[in-house]
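1. Below is the sequence, then the predicted model.
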Amino acid sequence: MAKDTILIFVNSPILNPREIIPYPNLSTNYSVYLNTLLFSNWFDILSETQNKFDISIFMNELDKEYLPRYILPNEANPVFYKNELIGEEFQNTFISRSSNAESKTLVLFFNSIGLKMDEIFRLFSLIQIDEQTFAIGKSDTQKINCVCMKQSDVEIPGLFIKAERNYQTFLKLMSDKDYFVHTIKNFLSIDDFEDIKKLYIELSKKESLSYCSQKMHESFNDLFIEYKELLNV
């Protein structure tokens, strides 16, 4: 039986200190640290899948020399793209990494957090092989956090790249297509310091352990302690 695919999408350099765009109020080094934690958290969650999915990573070639191999699952094989070819190379990666026309792919954006393992399984279950359907997750800031679709839906990946992860823009681009859309909410997309404040609050809640392990909490705390005064909310 063909496996479904989970693809971690990184849409800009996040680890190379000479190339990243630091978060407001964070130093370059701590911005790299936060990116590393958000990126790593997905693999920590996906370690619970027990090889039920093929796991792929799509990230900028400028990060290649800065990617610690210990972060990645043994079976993960990253694809490194050039900035100017992101749309074309992602389309090719989406097609080549899916097992067959019946398989499904869940694209997770690296700087998202809040998706639990049972919700990942639910996303896959929402996609009907015999219907034009896909599922999309969004934050309260209208950022797309994930998209789940069939391997045959080759037009969708290019459209959410064109939409630059904006939920409403993406739906407008899809409006002339006959798809049924499942939308799930309550994610965080970490794009600015206000989002970091929200992350600080959310990780203080006990239920956050379902999508961020105790080990990862401790790592995030190192960041929060450094910026404690700014994070007082």
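-> Great, that's in hand. Numbering: from 1, shown residues only.
2. Just checking, which helix or strand succeeds the worst-scoring helix or strand of the chain on mean pLDDT along the chain?
-> Lowest on mean pLDDT, DSSP states H and E among the helices and strands of the chain sits helix 86-97, with a mean of 73. Using DSSP states H and E, the helix or strand that follows helix 86-97 in sequence is strand 104-109.
3. ok, that following strand: who's next to it in the sheet?
-> Strand 104-109 has the following strand partners under DSSP bridges: strand 4-9 (parallel), strand 144-150 (antiparallel).
4. Among those strands, which comes closest to F43?
-> strand 4-9 (8.0 Å; CB to CB). From N, CA and C alone the C-beta is placed, and that goes for glycine too.
5. circling back to that earlier point, from the contact counts, what lies against the least confident helix or strand of the chain?
-> If contacts are counted by 3 or more CB pairs under 8 Å, 6 or more residues apart in numbering; DSSP states H and E, helix 86-97 sits against strand 4-9, strand 53-60, strand 77-81, strand 104-109, helix 155-162.
6. Please repeat the previous calculation with a cut-off of 7 Å.
-> strand 53-60, strand 77-81, helix 155-162 (3 or more CB pairs under 7 Å, 6 or more residues apart in numbering; DSSP states H and E).
7. Return the most buried member of the ones you listed.
-> strand 53-60 (a mean of 22; mean count of other CB atoms under 10 Å).
8. And for that one, what's in contact with it?
-> Strand 53-60 is contacted from outside by 3-10, 12-13, 46, 72-73, 75-81, 83, 90, 93, 97, 99, using CB atoms under 7 Å, 6 or more residues apart in numbering.
9. and what of stretch 163-175?
-> Here stretch 163-175 has contacts from F109, K138, Q142, K143, I144, L159, F160, K162, using CB under 7 Å, 6+ apart.
10. Who's the closest spatial neighbour of the fourth one, skipping the chain neighbours?
-> Spatial nearest neighbour of K143, excluding adjacent residues (CB to CB, 6 or more residues apart in numbering): S189 at 3.7 Å.
11. I am finished for the moment; much appreciated.
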